[in-house]
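[1] here is a sequence together with a model predicted from it:
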Amino acid sequence: MPEATRVITSSGLALRAPILVADDFLPLELAFAMREDIDTHFAHPGAHRADTHQVWNYWFVPELYTYLRTTPEKIIRRDRVDEFMKALQVWSTVTFGMGNVTWPYLSLYVGGCRQGLHNDAMNGRFAFVYSLTRNQRRTIGGETLIFREGDPFRGNLAEPSAGRGFYDLIEPKFNRLVVFDDRLPHAVERIEGSMDPVEGRFVLHGHLSETGTMIAGALPGAVVEEALVGLFGDFAARNSAQIALYQGPLALRFVISADGSVETCDILVDRVMHEDPRHIEWELLRADLVNGIKRLKFPPAAGETAVTKPLVFGVPLRAT
């Protein structure tokens, strides 16, 4: 079993895990229908027309990208793409507290196609890659290669290492969703074999990032926001010097009871990092913030209120 899927699975997401692999992401009926649309697009190659098939951008950037991409609704029926997006947004909100999902590219890798090593630190908080690649195909390659965290030089001073000692390699299994920290260096292994496009690597890919506070329940949103603005303002003022040293997303979810007290405050995901891995102050800062939320007192209401709050420290996203 590949290292990434053995250690990190959708049933056991560690709060600080850099990679999440979710197999069987969509209902099979929908996944098969999306793949059928792809196969139909490439059927009867002698009858292809410019208005239906001149839709692929051959994206070549020297030493970095070589593959074909398009907007998925040009190949896959729009309502099916919409269903995928709805499922991904719900899943991302529940799992990561990230409600913004970019419209994906549909990318095709045939023989010779690859991605060179890069990261997407300014494109999102997490990257997603959803595979519609056949499990049985007449090509090899197309795995997502994701470097592990840490210093590969200092981490291997005393013993030799190679290949998966430095990175995880994740197969583009059909109906598999892979999500990983956008800051991690990653690549796509070169495809070798048949030039028939249906034998290639097909993926929908894009980025996840934060929206505003997500509030569901009895309390008015303005009441919740007012309390949070005060709390976070005080937290930032007391810890401004330390906060400036950190980068990355922290997503919290808490429940306010009908009497106005905070019942629970859970950490959905914590990918806040310091440049020095030996730095140890973050967990104390995080505990201070969580305890501050637990001490909040809201007005009584007719029922519970659930709040999901993503926070991001450090570098903002690129404006697009």
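    Looks like it came in fine. Residues are numbered from 1 along each chain as shown.
[2] the lengthiest strand in the chain - contacts with which helices or strands?
    Ordering each strand of the chain by length in residues (DSSP state E) puts strand 246-256 first. Secondary-structure packing of strand 246-256 (3 or more Cβ pairs under 8 Å, 6 or more residues apart in numbering; DSSP states H and E): strand 262-270, strand 273-274, helix 282-294, strand 305-313. Every residue, glycine included, has its C-beta placed from N, CA and C.
[3] could you give me the buried positions within that strand?
    Within strand 246-256, the residues that count as buried by 16 or more other Cβ atoms under 10 Å are 246-254, 256.
[4] that older thread, please identify the most buried of the helices and strands packed on strand 246-256.
    strand 305-313 (a mean of 21; mean count of other Cβ atoms under 10 Å).
[5] so what are the sheet partners of that strand and their directions?
    Partner strands for strand 305-313, per DSSP bridges, with pairing direction: strand 214-217 (antiparallel), strand 246-256 (antiparallel).
[6] could you give the mean pLDDT of that strand?
    Mean pLDDT, strand 305-313: 96.
[7] cool, and stretch 251-261?
    97.
[8] ok, residues contacting that stretch?
    96-98, 210, 217-219, 224, 262-270, 289-290, 293-294, 297-311 (Cβ atoms under 8 Å, 6 or more residues apart in numbering).
[9] before we move on, back to that, C-alpha coordinates for the longest strand of the chain, CSV please?
    Output in CSV follows, covering the C-alpha atoms of strand 246-256 (Å, rounded to 0.1, in the frame of the first residue of the first chain):
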residue,chain,number,x,y,z
TYR,A,246,3.7,32.1,12.0
GLN,A,247,2.1,31.3,8.7
GLY,A,248,-0.8,29.0,7.7
PRO,A,249,-4.5,28.2,8.4
LEU,A,250,-6.2,27.3,11.6
ALA,A,251,-9.9,26.3,11.5
LEU,A,252,-12.1,26.1,14.6
ARG,A,253,-15.7,24.9,15.1
PHE,A,254,-17.6,25.7,18.2
VAL,A,255,-21.2,25.2,19.5
ILE,A,256,-23.1,27.8,21.5
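[10] kindly calculate the angle that it makes with helix 282-294.
    When axes from the mean of the first three to the mean of the last three Cα atoms, to 10 degrees is applied, the directions of strand 246-256 and helix 282-294 differ by 30 degrees.
[11] could you tell me the angle between strand 246-256 and strand 262-270?
    150 degrees.
[12] need the helices and strands packed on strand 246-256 in CSV (columns: distance to Arg190).
    Putting those into CSV (distance: least, Cβ to Cβ, whole Å) gives the following:
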stretch, distance to Arg190
strand 262-270, 32
strand 273-274, 30
helix 282-294, 38
strand 305-313, 34
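[13] out of these, nearest to Asn123?
    Checking those against Asn123 by Cβ to Cβ gives strand 305-313 as the closest, at 13.6 Å.
[14] neighbouring contacts of that closest one?
    Against strand 305-313 from outside (Cβ under 8 Å, 6+ apart): 93, 96-99, 125, 210-211, 213-219, 224, 228, 232, 243, 246-256, 268, 272, 298.
[15] hey, C-alpha coordinates of it in CSV?
    Below are the C-alpha coordinates for strand 305-313, written out as CSV (Å, rounded to 0.1, in the frame of the first residue of the first chain):
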residue,chain,number,x,y,z
THR,A,305,-25.7,27.8,17.2
ALA,A,306,-22.8,26.2,15.3
VAL,A,307,-19.9,28.4,14.3
THR,A,308,-17.0,27.5,11.9
LYS,A,309,-14.2,30.1,12.0
PRO,A,310,-11.2,29.8,9.7
LEU,A,311,-8.2,31.9,10.6
VAL,A,312,-5.1,32.5,8.5
PHE,A,313,-1.8,33.7,9.8
